[in-house]
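Engineer: Could you work out the structure for the sequence below:
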Amino acid sequence: KLVAWGLVSTNRCGFRCGQGESIDHLFIECPFTARIWNHFLMMCGFWKRLSGWHVEAEWCIQRLKGNDFKYWLTKLTLASVIYHSWQERNNRLYNNCFRSF
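Structural biologist: Prediction:
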């Protein structure tokens, strides 16, 4: 959508992996963000292969119900990963500022 609106000139991944950017790619398939997801999911005690964005969102909704501390911490971690992945993408695209994993 951003390319169609003229807000960005290309739909290439901001993490420069060579793929087209989509919500699935940015948050699930990109090697940069997939590594981050896998790291934090393992820290939270979940061992799973990532699927598409909508599948993962549904998994979170179904699996992370209640006020259990582990679920609360996992939800907070997931929100943080999403926020910081988007922030890193924007810093790379618009500020030419790069951080490594």
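Engineer: per-residue confidence at Glu56?
Structural biologist: pLDDT for Glu56: 88.
Engineer: Which positions within the helix or strand harbouring it qualify as buried?
Structural biologist: Using DSSP states H and E, Glu56 maps to helix 53-63. By neighbour count on 16 or more other C-beta atoms under 10 Å, the buried set for helix 53-63 is Trp53, Glu56. For glycine as for every other residue, the C-beta is placed from the backbone atoms N, C-alpha and C.
Engineer: counting contacts, what elements does it pack onto?
Structural biologist: If you count contacts as 3 or more C-beta pairs under 8 Å, 6 or more residues apart in numbering; DSSP states H and E, helix 53-63 packs onto helix 69-94.
Engineer: Give the buried residues for the helix it packs on.
Structural biologist: Residues Thr74, Leu78, Val81, Ser85, Glu88, Arg89, Arg92, Leu93 are the ones in helix 69-94 that count as buried (16+ other C-beta under 10 Å).
Engineer: Correct me if wrong: the third one contacts Trp37.
Structural biologist: Yes - between Val81 and Trp37 a contact is recorded at 6.3 Å, counting by C-beta atoms under 8 Å.
Engineer: what touches both of the two?
Structural biologist: Common contact partners of Val81 and Trp37 (C-beta atoms under 8 Å, 6 or more residues apart in numbering): none.
Engineer: Next one: the residue most central in space within the chain from Ile82, what distance?
Structural biologist: Central residue of the chain (C-alpha atoms, centre = their mean): Phe27, 2.9 Å from the mean position. For Phe27, the distance to Ile82 equals 7 Å [C-beta to C-beta, to the nearest Å].
Engineer: Can you check what angle separates the strand or helix carrying Thr33 from helix 69-94?
Structural biologist: For Thr33, the element it lies in under DSSP H and E is helix 31-43. Put simply, helix 31-43 runs at 170 degrees to helix 69-94, going by axes from the mean of the first three to the mean of the last three C-alpha atoms, to 10 degrees.
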